[in-house]
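**Q** Kindly return the folded structure for what I paste below:
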Amino acid sequence: TERDRGLERFGPTPELTRALGVLALATPGAARTGLEQIELARRQDPDLPFCDVPMAQGHGLIGRAALLAGDLDRARDHAEKGLALFADDPDLRQLRSDVHASSGEFEPALALLADLVAQG
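**A** Below is the predicted model:
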């Protein structure tokens, strides 16, 4: 596979680790693995570019799954971690709103939704 060829030729570089993480994010059921790979790549090279958005998306995927499973604390944690990386992501902002609504915090949920609608 391409993965094996990359590892054979270049070894476990941060860039390859990041790429494997992004690929995992696009694989159903592998969001946690993807996020872990991208975080590992960032630890290997703290200046590695193109990590924040996929890490934020990984947090969003894991947070959405946690919300669907009824784990509101975990969902809130992942929404906040994702937004810390990519504050303007509409999916993460929607997740934050859904967590508020699921927690019975309707005013902040509606405020977030109104802001999302206003921004199109």
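
**Q** which stretches of this protein form helices?
**A** Ranges of helices in the chain, per DSSP state H, are 2-10, 14-25, 31-44, 52-68, 72-85, 90-102, 106-118.

**Q** Would you agree Ala66 is in contact with Lys81?
**A** No. With contacts counted by CB atoms under 8 Å, Ala66 stays clear of Lys81, the gap being 11.7 Å. Placement of C-beta: from N, CA and C, glycine included.

**Q** quick one on the thing from earlier: please convert the helices of the chain to CSV, extending it with mean neighbour count and mean pLDDT.
**A** Shown next, in CSV, are those (neighbours: other CB atoms under 10 Å; pLDDT from 0 to 100):
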stretch, mean neighbour count, mean pLDDT
helix 2-10, 11, 81
helix 14-25, 20, 95
helix 31-44, 19, 97
helix 52-68, 21, 98
helix 72-85, 19, 98
helix 90-102, 20, 97
helix 106-118, 12, 96
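
**Q** And the contacts of stretch 103-111?
**A** 72, 76, 97-98, 100-101 (CB atoms under 8 Å, 6 or more residues apart in numbering).

**Q** Now compare these and name the two farthest from each other.
**A** Farthest-apart pair in these is Leu72 and Ser97; separation 12.9 Å (CB to CB).

**Q** Looking at the contacts of stretch 103-111, which is nearest Leu48?
**A** For those, the nearest to Leu48 is Arg76 (27.6 Å; CB to CB).

**Q** follow-up on the earlier one: which one of the contacts of stretch 103-111 is nearest to Ile38?
**A** Arg76 (21.1 Å).
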